[in-house]
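Asks: Any chance you could fold what I've pasted below:
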Amino acid sequence: MSNGEIAEFSTGLSSQSAVGDIVTGPDEGQWFTEFGTAAIGEISSSGAISQYLTGLRSQSALGSIVEGSDGNLWFTDDGPSPAIGEITPSGTITEYSSGLNTGSFPNDMGLGPDGNLWFTDSGTTPAIGQITASGTITEYTNGLGVGSVPNNIVVGPNGNLWFTDNGTTPAIGQITPSGVITEYSSGLNVASYPDNIVSGPDGNLWFTDSGLTPAIGQITPSGTITEFTNGLSVNSNPSGIVSGPDGNLWFTDNGTPAIGQITTSGTITEYTNGLGVGSLPNNIVGAPDGNLWFTDNGTTPAIGQITPSGTITEYSSGLNGGSFPNEIVTGSDGNLWFTDVGLDTAIGQVSTGA
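Replies: Numbers count the residues shown, from 1 in each chain. A predicted model of the protein is given here:
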């Protein structure tokens, strides 16, 4: 495949498919959750799709998926019988629910520095949860604010887990591997809405804030929050964020729309030239070619590339009609893989030329 060449694959997906999250698995295939006809799917580099359903609960609603330290894939299930699920590379599924709070709603998930999986739970009793490789679940609530809505979670540079909380009292939270939660809100803008969070190259955490005063935020391991707005447009709506190959942070802005860069000192630059009319940049990832790639589910759906110098190129040839590119990850084959939740659900591959 040449640079920017897109191929979409749907053979093997059910007619009611609605693909969600996607991750590179231990067997170098791409694994994804499907919340239409609930299943865990895998797609090989050649585009062959396999789906696994046996072991899932009735009316499962699958969300986040990550690789665990045990060589299996782990996922969240926020259906009528909430659970944390595990699937082996051969397709054996086991779901665990003992230890979840009543009314649980498992949300985002990440691999912790302790080798366990950690997840946010935005259910009736908000919590940060931990599950061991043997399936033992522990949920922690002490330290969360009233009306908490834990959202995204990531490993921080200090060996703790960090998460965004866009509840009644918006905050950035930290939880130690022993379960001690601390939330920080001083420094957030009024009516803040912390969304995605990533560990930065400067030893701090960086997050997008799509609240009343849109911003890109930084929080130090000691909990000092600084929000940066200068350089964002009036209609800005920051969304995805990733640490870039140039030592800066890069984010999508589907309000302006634009692809943004912020230095570790807080200087924001937004790039719009090269985006299509009605563009809606969504998720963003670093790629083996040294550039950033993003999904664009706007008027003319596309997969976009932006160089560290800010040159944007969008590719749409090969996308299905009515496409809606969503999640995007770097595959072990050097290509980018993405989910397409449009009219014709598919798993897509795009070449980076690397």
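Asks: ok, now how distant is residue 62 from residue 41?
Replies: Plainly put, residue 62 is 10 Å away from residue 41 if you go by CB to CB, to the nearest Å. Any C-beta I mention is one placed from the backbone N, CA and C, and that applies to glycine too.
Asks: residues bridging contact with the two, i.e. touching both?
Replies: Shared contacts of residue 62 and residue 41 (CB atoms under 8 Å, 6 or more residues apart in numbering): 33, 34.
Asks: Once you drop chain neighbours, what's closest to residue 227?
Replies: Of all residues not flanking residue 227 in the chain, residue 215 sits nearest, at 4.0 Å (CB to CB, 6 or more residues apart in numbering).
Asks: Look at the one you found and say how many residues are nearby.
Replies: Around residue 215 there are 26 other residues, counting by other CB atoms under 10 Å.
Asks: If it is in a bridge, with which residues?
Replies: Note on residue 215: beta-bridge partners by DSSP bridges are residue 209.
Asks: likewise residue 295?
Replies: Bridge pairing for residue 295 - DSSP bridges - gives residue 303.
Asks: for residue 198, same thing?
Replies: Here residue 198, judged by DSSP bridges, has bridge partners residue 206.
Asks: so who does it touch?
Replies: Residue 198 touches 154, 205, 206, 207, 241, 242, 243, 249, counting by CB under 8 Å, 6+ apart.
Asks: Which helix or strand contains the first one?
Replies: Residue 154 is located in strand 150-155, with elements delineated by DSSP states H and E.
Asks: Could you figure out how far whichever helix or strand comes after that strand is turned away from strand 205-209?
Replies: Remark: after strand 150-155, the chain's next helix or strand is strand 161-165, criterion DSSP H and E. Counting by axes from the mean of the first three to the mean of the last three CA atoms, to 10 degrees, strand 161-165 points 10 degrees away from the direction of strand 205-209.
Asks: Tell me the helices and strands packed up against strand 161-165.
Replies: strand 150-155, strand 171-175, strand 194-199 (3 or more CB pairs under 8 Å, 6 or more residues apart in numbering; DSSP states H and E).
Asks: ok now do the residue nearest to residue 227, which residues does it touch?
Replies: Neighbouring residues of residue 215 by CB under 8 Å, 6+ apart: 189, 192, 209, 227, 228, 229, 232, 238.
Asks: now residue 293
Replies: 284, 285, 286, 287, 303, 304, 305, 306, 328, 336, 350, 352.
Asks: which among the residues you listed gets closest to residue 158?
Replies: residue 286 (22.3 Å; CB to CB).
Asks: List only buried entries from the contacts of residue 215.
Replies: Taking 16 or more other CB atoms under 10 Å as the criterion, what is buried in the contacts of residue 215 is 189, 192, 209, 227, 228, 232, 238.
Asks: so of those residues, which ones are in strands?
Replies: Using DSSP state E, the subset of the buried ones among the contacts of residue 215 located in strands is 209, 227, 228, 238.
Asks: Pipe these into CSV and attach pLDDT and distance to residue 298 per row.
Replies: Output for those, formatted as CSV (pLDDT from 0 to 100; distance: CB to CB, whole Å):
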residue, pLDDT, distance to residue 298
209, 98, 22
227, 98, 27
228, 98, 25
238, 98, 16
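Asks: okay, those in JSON lines with distance to residue 47 next?
Replies: Output for these, formatted as JSON lines (distance: CB to CB, whole Å):
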{"residue": "209", "distance to residue 47": "38"}
{"residue": "227", "distance to residue 47": "43"}
{"residue": "228", "distance to residue 47": "41"}
{"residue": "238", "distance to residue 47": "33"}
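Asks: and residue 205, how far is that from residue 156?
Replies: From residue 205 to residue 156 the distance is 6 Å (CB to CB).
Asks: right, I mislabeled it, should have said residue 114
Replies: 13 Å.
Asks: Of those two, give the one with the bigger neighbour count.
Replies: Between residue 114 and residue 156, counting by other CB under 10 Å, residue 156 is the more crowded of the two (22 against 16).
Asks: Now do the contacts for the more buried one.
Replies: So residue 156 contacts 162, 174, 199, 205, 221 (CB under 8 Å, 6+ apart).
Asks: Skipping its backbone neighbours, what lies nearest it in space?
Replies: In space, residue 156 is closest to residue 162, 4.4 Å off (CB to CB, 6+ apart).
Asks: so what's that neighbour bridging to?
Replies: With DSSP bridges as the criterion, residue 162 is bridged to residue 154, residue 174.
Asks: Need the pLDDT of it.
Replies: We have a pLDDT of 98 for residue 162.
Asks: can you pick the most crowded of the contacts of residue 198?
Replies: residue 207 (30 neighbours).
Asks: thinking it is in contact with residue 216, fair?
Replies: Yes. Counting by CB atoms under 8 Å, residue 207 does reach residue 216; the two are 7.5 Å apart.
Asks: list residues touching both of these two?
Replies: residue 241.
Asks: Pick the most buried one from the helices and strands packed on strand 161-165.
Replies: Mean neighbour count (mean count of other CB atoms under 10 Å) peaks for strand 171-175 among those, with a mean of 26.
Asks: Rounded mean pLDDT for that one, please.
Replies: The predicted model assigns strand 171-175 a mean pLDDT of 98.
Asks: In this structure, where is pLDDT below threshold?
Replies: In the predicted model, the chain carries pLDDT under 70 at residues 1.
Asks: Quick one: the helices in it, in order.
Replies: For the chain, helices defined by DSSP state H do not occur.
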